[in-house]
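Q: Sequence first, then the predicted structure:
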Amino acid sequence: MNLKALQEKIKLLNEKTKPHYKLYSQTEKEILTKTVKLNEEVGELCNDILSVLKLQRRAKLQKFDRRNIYQEFADVIITTIQLAQVAGVDINRAVGDKLKKIEEKYLKHKK
């Protein structure tokens, strides 16, 4: 199959699988925007982790500043909190509940 035929097949597929909904509210738009932004920030953090491990390509390693990884972790945390706020998630409750669940799972096995 050539590229032109593949593009035509994908065009037909897109028409059949096109979502039949719209984002109506400002909140829904903000949730989508923050979700995409979070993925961008996680990708940047992954690039820095690859650089720390010297698994990144040479051109990126030459530009890499190890101090930047702190900013990337902060960006992920800040964007996650922003997304939680827009989505109406109580981050204190979410983290507390999850830590309790993790402790119950792993600490009960140690006793």
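A: That came through fine. Residues are numbered from 1 along each chain as shown.

Q: what number of residues lie near Val89?
A: 13 (other CB atoms under 10 Å). In this view, the C-beta of every residue, glycine as well, is placed from N, C-alpha and C.

Q: Over to the one 5 residues further on?
A: Ala94 has 11 neighbours, counted by other CB under 10 Å.

Q: Next: Leu32.
A: Number of residues near Leu32 (other CB under 10 Å) recorded here: 12.

Q: what packs against the helix or strand encompassing it?
A: Secondary structure from DSSP states H and E places Leu32 in helix 26-52. The elements that helix 26-52 packs onto, with contact taken as 3 or more CB pairs under 8 Å, 6 or more residues apart in numbering; DSSP states H and E, are helix 58-63, helix 68-87.

Q: which of the ones you listed is buried the deepest?
A: helix 68-87 (a mean of 15; mean count of other CB atoms under 10 Å).

Q: Packing partners of it?
A: With contacts taken as 3+ CB pairs under 8 Å, 6+ apart, helix 68-87 sits against helix 26-52, helix 91-107.

Q: Deepest-packed of these, please.
A: Among the helices and strands packed on helix 68-87, helix 26-52 has the highest mean neighbour count (mean count of other CB under 10 Å), at a mean of 15.

Q: got the angle between it and helix 68-87?
A: Comparing the axes of helix 26-52 and helix 68-87 via axes from the mean of the first three to the mean of the last three CA atoms, to 10 degrees yields an angle of 160 degrees.

Q: Any chance of CSV for the helices and strands packed on helix 68-87, columns mean pLDDT and distance to Gln82?
A: Below are the helices and strands packed on helix 68-87 laid out as CSV (pLDDT from 0 to 100; distance: least, CB to CB, whole Å):
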stretch, mean pLDDT, distance to Gln82
helix 26-52, 96, 6
helix 91-107, 95, 10
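
Q: between these, which gets nearest to Asp65?
A: When the helices and strands packed on helix 68-87 are compared by CB to CB, helix 26-52 sits nearest Asp65, at 9.1 Å.

Q: Many thanks, have a good one.
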